[in-house]
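K.L.:
My questions are about this predicted structure, shown below with the sequence.
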Amino acid sequence: MSRILLVEDEPKLAALVADYLRAGGHEVEHLADGLAVLPAVRQGHYDLMLLDLMLPGRDGLDICRELRSFSQMPLIMMTARVDEIDRLLGLELGADDYICKPFSPRELVARVKALLRRSGAQAPALGLELDARAFQARYKGVLLDLTPVEFRMLAALAARPGQVLSRDQLMNHIYQDHRVVADRTVDSHVKNLRRKLVAVTPGQDPVRSVYGVGYSLELE
Ligand code: CA
């Protein structure tokens, strides 16, 4: 079952969409306030987000822009503003798809299914399963014994496979309170995470260090 984060401030529309998604076999969490979205994404594990453009607190474009600085989660924008579509789909913002209001809930569920299929094609190759609610990670089916900090670090790296994250970027993911720690603290967490991953696939080190820059995750 896939977990979907539905962000929509019109209660009736949100309830209708949630009903259709649940009937389609998805688990749905609903938020109505733009300010709550990114904290929820950072803490929970969602397979896809449906994001309304006009929201109280923080608008969808702004949320999308920041989301893409740390996550490649599949994203469908919902908008009544046809003039915004080009920007929504632009590389700069990085939405995967959009749907114009008013839409048929059936059409939306079909789009969700299609996008999940497209994005799911890459996930199993990583051999990594993350459950952010339980802070549990499995690599090649093996449960990893990770600290919360190691878990967050792995989740941040796994969200952008092959892409190098700097120590600063990693720090922002692993400490929710924006505390500042020394680079060597990050390095020692990486070292522990690496040791636990390598224990599953001896001889293969999935964590790549890029000298002076940071780290990336290279899973087959
Ligand atoms: Ca709205």
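P.N.:
Looks like it came in fine. Residues are numbered from 1 along each chain as shown.

K.L.:
Mind pulling up the pLDDT for the most centrally placed residue in the chain?
P.N.:
Centroid-nearest residue in the chain: Met73, 3.9 Å away (criterion: Cα atoms, centre = their mean). Met73 carries a pLDDT value of 88.

K.L.:
Backbone torsions only: list them for it.
P.N.:
The phi and psi torsions at Met73 (degrees, to the nearest 10) take the values phi -60, psi 140.

K.L.:
Now do it against the ion, distance only.
P.N.:
20 Å (Cβ to the ion, to the nearest Å). Using the backbone N, CA and C atoms, a C-beta is placed for each residue, glycine as well.

K.L.:
OK, contacts around that residue?
P.N.:
Residues in contact with Met73, defined by Cβ atoms under 8 Å, 6 or more residues apart in numbering, are 41, 46-49, 67, 159.

K.L.:
tell me the pLDDT at the residue nearest to Ala80 when sequence neighbours are not counted?
P.N.:
Leaving aside its sequence neighbours, Ala80 sits nearest to Lys101 (Cβ to Cβ, 6 or more residues apart in numbering; 4.2 Å). For Lys101, the model assigns a pLDDT of 89.

K.L.:
so Lys101 makes contact with Met78?
P.N.:
Yes. Between Lys101 and Met78 there is a contact under Cβ atoms under 8 Å: 6.2 Å.

K.L.:
Settle it for me: which of these two has more neighbours?
P.N.:
Met78 (22 against 15; other Cβ atoms under 10 Å).

K.L.:
Please produce TSV containing the contacts of Met73, extended by distance to Gln204.
P.N.:
Output for these, formatted as TSV (distance: Cβ to Cβ, whole Å):
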residue	distance to Gln204
Val41	30
Tyr46	29
Asp47	27
Leu48	30
Met49	32
Leu67	31
Ala159	21
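
K.L.:
Could you verify that Glu129 is part of a helix?
P.N.:
No. With DSSP: H, G, I helix; E, B strand; the rest coil as the criterion, Glu129 is located in strand rather than a helix.

K.L.:
Check the gap between it and the ion for me.
P.N.:
With distances taken as Cβ to the ion, Glu129 is found 34 Å from the ion.

K.L.:
That residue: what's it in contact with?
P.N.:
Under the criterion of Cβ under 8 Å, 6+ apart, the contact partners of Glu129 comprise 137-138.

K.L.:
try it again with 6 Å
P.N.:
Neighbouring residues of Glu129 by Cβ atoms under 6 Å, 6 or more residues apart in numbering: Arg138.

K.L.:
May I have the beta-bridge partners of it?
P.N.:
Arg138 (DSSP bridges).

K.L.:
And it, what's its pLDDT?
P.N.:
In this model, Glu129 is scored at 79, pLDDT.

K.L.:
Grab the nearest non-local neighbour of Asp59.
P.N.:
Closest residue to Asp59 apart from its sequence neighbours, by Cβ to Cβ, 6+ apart: Gly34 at 6.2 Å.

K.L.:
tell me which strands and helices whichever strand or helix holds Leu5 is in contact with?
P.N.:
Counting by DSSP states H and E, the element that carries Leu5 is strand 3-7. Here strand 3-7 touches strand 27-31, strand 48-52, going by 3 or more Cβ pairs under 6 Å, 6 or more residues apart in numbering; DSSP states H and E.
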